[in-house]
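Asker: Turn this into a structure:
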Amino acid sequence: MLMVPQNSLQQVRLVRNRIETATRDAGRNVDSVTLLAVSKGHSANSIRAIAEAGVRDIGESYLQEALGKIEELRDVPLTWHFIGRLQANKTKVIAGHFDWVHGVERLKIAERLSEQRPFHARPLNVCLQVNIGGEGSKGGVTVAELPALAAAVGVLPRLKLRGLMCIPPDEDDPTRQRMWFTAMRRALEELNVAGAGLDTLSMGMSGDFEAAILEGATIVRIGTALFGERPPATNTAPPQ
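Answerer: Numbers count the residues shown, from 1 in each chain. Okay, here's the model as predicted:
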């Protein structure tokens, strides 16, 4: 068995303690929040250490990097989430290697994932990405566009539409952080009133996940708080 580095155990404990405090403040069960370790830019051995510390949901953004880790870690029971930008020429590989896809923003992409999901595999869990802050630098649909996309994706075979995800504007003020997450929660609630049956809000990163949990996050995507800073060559995306 791998000897878990003390710093990995300590970081996992610190993050889980913060999740427990936030869920308690929200009047929620701690088990209602999944800790998704965002490991882009970090080694397979780092993931193995985190897994030994009890974190089994792993998020990757860079496909080629992820494929190498998936192969190297086949002996570890992990749930793999693709959280990067989806390109049409990569959907077949993603559909064949991941359990979750966060960030579907186009029906064409969802259709390709559905067509290319192996029939021996369970349906691929997907979340729709919402550009909740209307930022030109970020992907996602508007709240107004959500009902039509959710209705179309929800009936595709080989996919299971689970919920919504977002990367909100970067805010330091917890009150403003919660404002964006409140809008996301309400968007999900409105879809469910119409019968969507969604159960997932993928929102909250290292700097704001407590605010996200207070507003109903069920998956928090944590990178820096678990692994530390990414190497400079890969540290170009918003911190998870």
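
Asker: Look up phi and psi at the nearest residue to residue 50 once chain neighbours are set aside.
Answerer: Leaving aside its chain neighbours, residue 50 sits nearest to residue 37 (5.2 Å; criterion: Cβ to Cβ, 6 or more residues apart in numbering). To be clear about C-beta, it is placed using only N, CA and C from the backbone, and glycine gets the same treatment. Backbone dihedrals for residue 37, given as degrees, to the nearest 10, come out at phi -80, psi 120.

Asker: Residue 226 is in contact with residue 37, correct?
Answerer: Yes. Using Cβ atoms under 8 Å, residue 37 is in contact with residue 226, at 5.4 Å.

Asker: The two - which one has more neighbours?
Answerer: A direct count of neighbours by other Cβ atoms under 10 Å for residue 37 and residue 226 places residue 37 higher, at 28 against 23.

Asker: if we can go back for a sec, and the residue nearest to residue 50, how far is that from residue 59?
Answerer: Residue 37 sits 7 Å away from residue 59, going by Cβ to Cβ, to the nearest Å.

Asker: Which neighbours do these two have in common?
Answerer: Shared contacts of residue 37 and residue 59, defined by Cβ atoms under 8 Å, 6 or more residues apart in numbering, comprise residue 223.

Asker: what about residue 179, helix or strand, and which?
Answerer: Assessed by DSSP states H and E, residue 179 sits inside helix 174-193.

Asker: list the helices and strands that helix packs on?
Answerer: On a contact count with 3 or more Cβ pairs under 8 Å, 6 or more residues apart in numbering; DSSP states H and E, helix 174-193 meets helix 146-154, strand 159-165, strand 200-202, helix 209-214.

Asker: which residues touch the following helix or strand past the last one?
Answerer: What it means is helix 209-214. The C-terminal neighbour of helix 209-214 among helices and strands, as given by DSSP H and E, is strand 219-222. Here strand 219-222 makes contact (Cβ under 8 Å, 6+ apart) with 15, 19, 33-38, 57, 59, 83, 102, 165, 200-206, 209, 212-213, 240.

Asker: May I have strand 219-222 exported as CSV, CA atoms only?
Answerer: C-alpha atoms of strand 219-222 as CSV (Å, rounded to 0.1, in the frame of the first residue of the first chain):
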residue,chain,number,x,y,z
ILE,A,219,-19.8,19.1,-6.1
VAL,A,220,-17.0,21.4,-5.2
ARG,A,221,-14.0,21.4,-7.6
ILE,A,222,-10.8,21.9,-5.5
